[in-house]
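Chemist: Sequence and predicted structure, then a few things I'm wondering about:
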Amino acid sequence: MSHHSKRYVALKVTYFGKRFYGFASEAQMEPTVESELFKAFEKTRLLVGDKKESQYSRCGRTDKGVSSVGQVIALFLRSNLKISATNNGNSGVVLDEQHEGEIDYVGVLNRVLPNDIRIMGWCPAPVDFHARFSCLSREYKYFFWKENLNIPAIEVAGNKLVGEHDFRNFCKMDAANVHNYRRCITLFEISSTDVRYNDNQLWVIKIRGSAFLWHQVRCMVAVLFMVGKGLESPNVIDMLLDTSRILRKPQYTMASEVPLVLQSCEFDNIKFMCSSDAGEALRVHLVNECQIYQLQAAIFHEALLNCVPLSNDQSLLPFQGSKKKVSHVPLMSRPTEPSYEERRAKLNTIA
């Protein structure tokens, strides 16, 4: 039995998802963000007991390649504080909100975490806090290059997603575990950023909701891009949301995971903090990471400037198979996936 006092703590986590097989360690593939976090907890000896005993919870289970600047987890960690006399029999648990003299969780963990994961802040949490079920809302951002996309059309279509709807045609259906596909989107915004490359500008879609289905954001963005390319009308959103008429999801490819970012998770009475030393070290680290990526971009740009000029005589070029332009099949004319009822019936026959 541990003689250390412990306290229940919420941690705000940022990570660059490119090299990870998702956030959750149950993915059966390594590395995951979660497995790296627990390596850090063990290395710093902050973990009290094992993962199950730590009462661990996470807010969002982001997929392979998805990043976050606002993921939230909660668990019991070792504490420097002495036990209050009024802790109602919670042996070894610090229950008050005092933080003076406490372990610098942000600084300690960031010193051992890999460069693409950082703790942004910590907050004392009540022992009944749950990072997933206590969350009031989640916000995602999806970055994209404007190119020839029709932004006003995307905005019209995106605003149709706001409100409470059945989003079964905008997700990867998990009929074994999920039986309610109604979710509430509270915000849709689309705006330009100050980032440009040549004549192309980086834009961002912001979507906020109480909760999201599996791959919901990437499915919504995929359909919005079809609208932006003029391949579908904004009214296709209305049709896909009308699950009394469209019982089966048309087959379409999700938008890429790389530009997707879990931006923030909102809670009542959770205010993240960070010591001045840890905060300064965090800023230095993030600036350095930005500069590394800008250096890489400069090298790729230099390579682009040094490409061999294309010859007008096509006979001098190596043979390239003719690339057929893929014609767009309207969503409502495509093959469909099985409906929820069909999936459940199949599961019942297997059982």
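Modeler: Nice, I can see it. Bear in mind that the values here come from a model prediction, so they are computed numbers and not experimental data.

Chemist: how about the residue nearest the centre of the chain, what does it touch?
Modeler: Closest residue to the average C-alpha location of the chain: residue 262 at 3.5 Å, with C-alpha atoms, centre = their mean. Residue 262 sits next to 60, 62, 66-71, 138-140 when contact means C-beta atoms under 8 Å, 6 or more residues apart in numbering. Backbone N, C-alpha and C define where each C-beta goes, glycine included.

Chemist: What's the local residue count around residue 129?
Modeler: 21 (other C-beta atoms under 10 Å).

Chemist: I figured it was touching residue 8, is that so?
Modeler: Yes. Using C-beta atoms under 8 Å, residue 129 is in contact with residue 8, at 6.6 Å.

Chemist: Now do the strands for the stretch 201-350 of the chain: every range, in order, please.
Modeler: Secondary structure of the stretch 201-350 of the chain by DSSP state E, counting those that start in this stretch: the strands cover 260-266.

Chemist: likewise the stretch 1-150 of the chain?
Modeler: Under DSSP E, counting those that start in this stretch, the stretch 1-150 of the chain gives strands at 6-15, 57-58, 67-78, 93-94, 117-124, 137-145.

Chemist: Lowest average pLDDT across these?
Modeler: Mean pLDDT per stretch puts strand 93-94 lowest among those, at a mean of 77.

Chemist: mind saving the C-alpha coords of stretch 286-296 as PDB?
Modeler: Extracted C-alpha coordinates of stretch 286-296, given in PDB (Å, rounded to 0.1, in the frame of the first residue of the first chain):
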ATOM      1  CA  LEU A 286       6.200  25.300 -28.700                       C
ATOM      2  CA  VAL A 287       8.000  28.200 -30.400                       C
ATOM      3  CA  ASN A 288      10.900  25.900 -31.100                       C
ATOM      4  CA  GLU A 289       8.600  23.300 -32.600                       C
ATOM      5  CA  CYS A 290       7.000  26.000 -34.800                       C
ATOM      6  CA  GLN A 291      10.400  27.100 -36.000                       C
ATOM      7  CA  ILE A 292      11.400  23.500 -36.800                       C
ATOM      8  CA  TYR A 293       8.300  23.000 -39.000                       C
ATOM      9  CA  GLN A 294       8.900  26.300 -40.700                       C
ATOM     10  CA  LEU A 295      12.400  25.300 -41.500                       C
ATOM     11  CA  GLN A 296      11.200  22.000 -43.000                       C
END
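
Chemist: any idea of the mean pLDDT for that stretch?
Modeler: Across stretch 286-296, pLDDT averages out at 97.

Chemist: who touches it?
Modeler: Stretch 286-296 has contacts (C-beta under 8 Å, 6+ apart) with 16, 115, 118.

Chemist: Next, format the residues you listed as CSV and append neighbour count and distance to residue 216.
Modeler: Listed next are the contacts of stretch 286-296 as CSV, based on neighbours: other C-beta atoms under 10 Å; distance: C-beta to C-beta, whole Å:
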residue, neighbour count, distance to residue 216
16, 19, 22
115, 10, 30
118, 22, 27
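
Chemist: same for the lowest-mean-pLDDT helix or strand in the chain, what does it pack against?
Modeler: When each helix and strand of the chain is scored by mean pLDDT, DSSP states H and E, strand 93-94 comes last, with a mean of 77. On a contact count with 3 or more C-beta pairs under 8 Å, 6 or more residues apart in numbering; DSSP states H and E, strand 93-94 meets strand 6-15.

Chemist: between the strand it packs on and strand 260-266, how big is the angle?
Modeler: If you take axes from the mean of the first three to the mean of the last three C-alpha atoms, to 10 degrees, strand 6-15 sits at 150 degrees to strand 260-266.

Chemist: Neighbouring strands of strand 6-15 in the sheet, and parallel or not?
Modeler: Strand pairing for strand 6-15, using DSSP bridges, gives strand 67-78 (antiparallel), strand 93-94 (parallel), strand 117-124 (antiparallel).

Chemist: Buried deepest among those strands, which one?
Modeler: Neighbour counts (mean count of other C-beta atoms under 10 Å) averaged over each of these peak at strand 67-78, with a mean of 24.

Chemist: Just the CA atoms of that one, as CSV, please.
Modeler: Output of strand 67-78 as CSV, limited to C-alpha atoms (Å, rounded to 0.1, in the frame of the first residue of the first chain):
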residue,chain,number,x,y,z
SER,A,67,-4.2,16.3,-33.0
SER,A,68,-5.4,18.2,-30.0
VAL,A,69,-4.6,21.4,-28.1
GLY,A,70,-7.4,20.9,-25.5
GLN,A,71,-7.8,17.2,-24.6
VAL,A,72,-8.6,16.6,-21.0
ILE,A,73,-7.9,13.6,-18.8
ALA,A,74,-8.4,13.0,-15.1
LEU,A,75,-6.8,10.6,-12.6
PHE,A,76,-5.3,10.3,-9.1
LEU,A,77,-1.7,11.5,-8.9
ARG,A,78,0.7,11.7,-6.0
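
Chemist: what's the spacing between that strand and its chain's center?
Modeler: Chain-centre distance of strand 67-78: 13 Å, with C-alpha atoms, centre = their mean, to the nearest Å.

Chemist: Please apply the same query to stretch 151-167.
Modeler: The answer for stretch 151-167 is 20 Å, by C-alpha atoms, centre = their mean.

Chemist: for that stretch, which positions count as buried?
Modeler: Buried residues in stretch 151-167, defined by neighbour count with 16 or more other C-beta atoms under 10 Å: 153-155, 157-158, 160-161, 165-167.

Chemist: now, which of those residues lie within strands?
Modeler: Within the buried residues of stretch 151-167, residues falling in strands by DSSP state E are 165-166.

Chemist: I'm done for today, thanks for sticking with me.
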